[in-house]
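**Q** Okay, sequence plus prediction incoming.
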Amino acid sequence: MVGVSVAFRGMARRARTVPAAVSAAVQALQPQQQRHLLSRTMQHSHHQPLVLARTVTSNGYVQETRIPTYHFQDSLPKLPIPKLEKTLDRFLASAKPVVSAEQYAEAEAAVASFKADQGPALQAELEKRNKAKYSSYISEPWFDMYLSNRDPLPINLNPQMTWKDHDKPEFNELVPRAAACILASARVFRTVRDDQLSPEIFHMQPNRTKTAWFETFISKVPRKVAWYAAFAFKAFALDMSQYKNLFQSTRIPHLGKDELKKFPNSRHVVVQWGSDFFTFDIINEDGTAVEPEVIVANLESIVALPPSDNPPIGVLTTAERDAWANAREHLLTSDVNKSSIDAIDSALFAVCLEHEKPVTLHDIGRCMLHGNGRNRWFDKSFQLIVCSNGKTAVNFEHAWGDGVAVLRYMNEVYDDMKEQPLLTSNGVKQEATKLDFDIDSSTQAAISDAGKAFDDFVDSVVVNVLETTTVTSRLLKDLKLSPDGTLQMSFQLAYYRMFGHSASTYESAATAGFKHGRTETIRSATVASDNFCKTFTDPEASVDDRQKALKAAIDNHGAITKEALTGHGWDRHLFALRLLAEDAHPDTTLDLFSCDAYNVLKEIILSTSTLSSEALDGGGFGPVGERCFGIGYGVRDQGARFVVSSFGLDNDRFLNELHQALKDMRATAEGKNINV
């Protein structure tokens, strides 16, 4: 391997060319390949590496990989910093369809001033700082943004993803379902811990690289050059850094800014049953997983207890972060409370056993997104929510990651659960450890205040669901329409028909192809989408006019998606420059960051995210502002589903307009006329 190592060191020395090469490769992606890459944000495509065994290995892992989990981490390319002029041009392009002519002229003047004055110096400083560390220029400020946010976590920040039910009803009872999830999670934890989880790789030529030969070869290439070796074969390894915070971690509230804390030696889970907390080990002292019977027996000991009337400590995690920080500081003055809080913080993950039995998509979504707030601990990296009828989901804290690791985890757990037999205690007796709390009048008041604030907040949120067979993934393929581009344009048309204009839109794209990559924004409201909306609302437009406008809008969406995937959006770049400007001139706001166009674009009106996994039955998140529609969506062979949330907006009308938009877009693609 000496010759190979030397050869790839030469490639590594030419690292400055890699981001451009990655960009060129992504530009060459077909729509279906592009969709798979896009799905690695909050919506991972179901990744099945060659080495993945769908039964537990002899060592108790969900898989054993030839290529170690973090093999590419020391050679991943860095996220490129776009050219300043390109970013400013993209900013203006995004502003044009959503602001007035006067506001656009103001933005042009602000951009010209920024180019001529402060912009180049800020760009140079950003590039200088970026050269000093092997990381993403956006990683640290993005962590800070999340951890400094003082909003309550539920609805505002924590999303949820719901697993499909088991095919057999007896597996969906509360204890068997919870035990299966915990057992599978223990196996995934051990697989990650021991470097046996196959790294995420996007294969451009799978017939060459999804092979035993390739994996054996790459595993022998030194970590410092491994990414370049895979890149030479058109296999793009993705960043795996977020997996380190998937287990054994939590968010801890502090005044002004929270912290993420890792507990590398923990072996237990924390389980909530009503307002009570219990713990038991799922990892033995020798590092192996406990027997399934032990997990079942511990859960049986918990659910055998009647609901208690103890104050619901968990509701404090729904509070505004400074309020929770103050309440927590007071809690920790008691040694009893400190011991119990430490047990919760340090758990591998949290499990919430839910008394409720939600059935409709609406009720399932609300239960998993927020529930009643009392039987949750929103600070944990993730919490399993298992309902009495077997409905099961993950609700996860967002500061530590963007869902890449969570969805891969959910895929692995789902596959493992499908292979498990029905779990029973088989006569084993165990008693989970109950956590105690000293609740004085101050803490009781904090719990009461948090509960009232949470109930009021939840009552302000409206959630509606649309399921339709108007479009399916197969139909869109036959019509040669990009699935994501088509659905994004349907949102644009629905909103335009409601309000008569386009609006600031957010779609997330992963930049996981780069070291410590997070996300970039796809600005789906474009000049092309605005023209598409105008054409579809023009009674004089012909079928041919509409077909051309539809194709142009979808093609343009594909182009800006590829830019975002390669780190060439404008949002993260301007975000970093704005922070530098604020540090340098704390008492001054530059015209670019105070102009109307910047503020209009900063207020997200359509916040969108898609899910793509055979393990999932759905997911959801809250609106990000008072005028925002939060839209979770997905399309499969069976049809499309849309979950829309807002703070009391007319969701029903939006979904009606959305449904009609899909019908009109389909009719147009099929060469039919529509009623305007």
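**A** Yep, it's here. Quantities reported herein were computed from a predicted structural model and do not represent experimental measurements. Numbers count the residues shown, from 1 in each chain.

**Q** Ile385: helix or strand, and which one exactly?
**A** strand 382-387 (DSSP states H and E).

**Q** Which residues does the helix or strand following that strand contact?
**A** Going down the chain from strand 382-387, the next helix or strand is strand 392-396, by DSSP H and E. Contacts to strand 392-396, defined as CB atoms under 8 Å, 6 or more residues apart in numbering, come from residues 158-163, 177-178, 181, 364, 367-369, 376, 378, 381-386, 403, 406, 409-410, 619. In this view, the C-beta of every residue, glycine as well, is placed from N, C-alpha and C.

**Q** For strand 392-396, the averaged confidence score.
**A** Taken as a whole, strand 392-396 has a mean pLDDT of 98.

**Q** relative to strand 382-387, how tilted is it?
**A** 150 degrees (axes from the mean of the first three to the mean of the last three CA atoms, to 10 degrees).

**Q** re earlier: the strand holding Ile385 pairs with which strands, parallel or anti?
**A** Using DSSP bridges, the strands paired with strand 382-387 are strand 350-354 (parallel), strand 392-396 (antiparallel).

**Q** Could you tell me how far it lies from the centre of the chain?
**A** Strand 382-387 sits 17 Å away from the centroid of its parent chain (CA atoms, centre = their mean, to the nearest Å).

**Q** Stretch 76-85 too?
**A** With CA atoms, centre = their mean, you get 22 Å for stretch 76-85.

**Q** Output it as CSV, nothing but the C-alphas.
**A** Taking Å, rounded to 0.1, in the frame of the first residue of the first chain, the C-alpha atoms of stretch 76-85 are listed here in CSV:
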residue,chain,number,x,y,z
LEU,A,76,-13.0,15.1,3.9
PRO,A,77,-12.9,18.3,1.8
LYS,A,78,-13.7,21.6,3.5
LEU,A,79,-16.9,23.5,2.8
PRO,A,80,-16.0,26.1,0.2
ILE,A,81,-16.5,29.8,0.9
PRO,A,82,-18.3,31.2,-2.2
LYS,A,83,-17.0,34.1,-4.1
LEU,A,84,-18.4,37.3,-2.5
GLU,A,85,-19.8,38.6,-5.8
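
**Q** Pretty sure Arg177 sits in a helix.
**A** Yes - Arg177 forms part of a helix when assessed by DSSP: H, G, I helix; E, B strand; the rest coil.

**Q** Look up how far Ala347 lies from the residue lying closest to it once chain neighbours are set aside.
**A** Spatial nearest neighbour of Arg177, chain neighbours left out: Gly390 (4.5 Å); criterion: CB to CB, 6 or more residues apart in numbering. Gly390 is 23 Å from Ala347, where distance means CB to CB, to the nearest Å.

**Q** which of those two has more neighbours?
**A** Each of Gly390 and Ala347 has its neighbours counted (other CB atoms under 10 Å); Ala347 has more, 27 against 20.

**Q** Look up phi and psi at that one.
**A** Dihedral pair for Ala347: phi -60, psi 150, per degrees, to the nearest 10.

**Q** Next one: it relative to Leu238, how far apart?
**A** Counting by CB to CB, the gap from Ala347 to Leu238 is 28 Å.

**Q** ok, now Ser448?
**A** Taking CB to CB, one finds Ser448 at 46 Å from Leu238.

**Q** Neighbour count: the two, which is higher?
**A** Leu238 (21 against 12).

**Q** for the more buried one, what are its contacts?
**A** 40, 199-202, 404, 512-513 are the contacts of Leu238 under CB under 8 Å, 6+ apart.

**Q** Could you list which of these belong to strands?
**A** 201-202 (DSSP state E).

**Q** ok, now which ones touch His362?
**A** 463-465.

**Q** switch the cut-off to 6 Å
**A** Neighbouring residues of His362 by CB atoms under 6 Å, 6 or more residues apart in numbering: 463, 465.

**Q** Ramachandran coordinates for it?
**A** Per degrees, to the nearest 10, the backbone of His362 is at phi -60, psi -50.

**Q** returning to that earlier point: what's the residue nearest to Arg177 in contact with, if anything?
**A** Counted by CB under 6 Å, 6+ apart, Gly390 has contacts 165, 172, 177.

**Q** which stretches of the stretch 451-600 of the chain form strands?
**A** 462-468, 505-510, 519-522 (DSSP state E, counting those that start in this stretch).

**Q** and for the longest one, what are the contacting residues?
**A** Think strand 462-468. Residues contacting strand 462-468 (CB under 6 Å, 6+ apart): 361-362, 365-366, 639-646, 648, 651, 655, 659.

**Q** Which of these are buried, as a ChimeraX select command?
**A** Typed into ChimeraX, the line below selects the buried ones among these, using 16 or more other CB atoms under 10 Å:
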select :361,365,366,640,641,642,643,644,645,646,651,655,659
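
**Q** In strands only, show me the contacts of strand 462-468.
**A** Those of those lying in strands (DSSP E): 639-646.

**Q** Verify the contact between Val428 and Val296 for me.
**A** No - with contact defined as CB atoms under 6 Å, Val428 does not reach Val296; the gap is 7.5 Å.

**Q** More neighbours: the two, which one.
**A** Applying other CB under 10 Å to Val428 and Val296 shows that Val296 carries more neighbours, namely 24 against 15.
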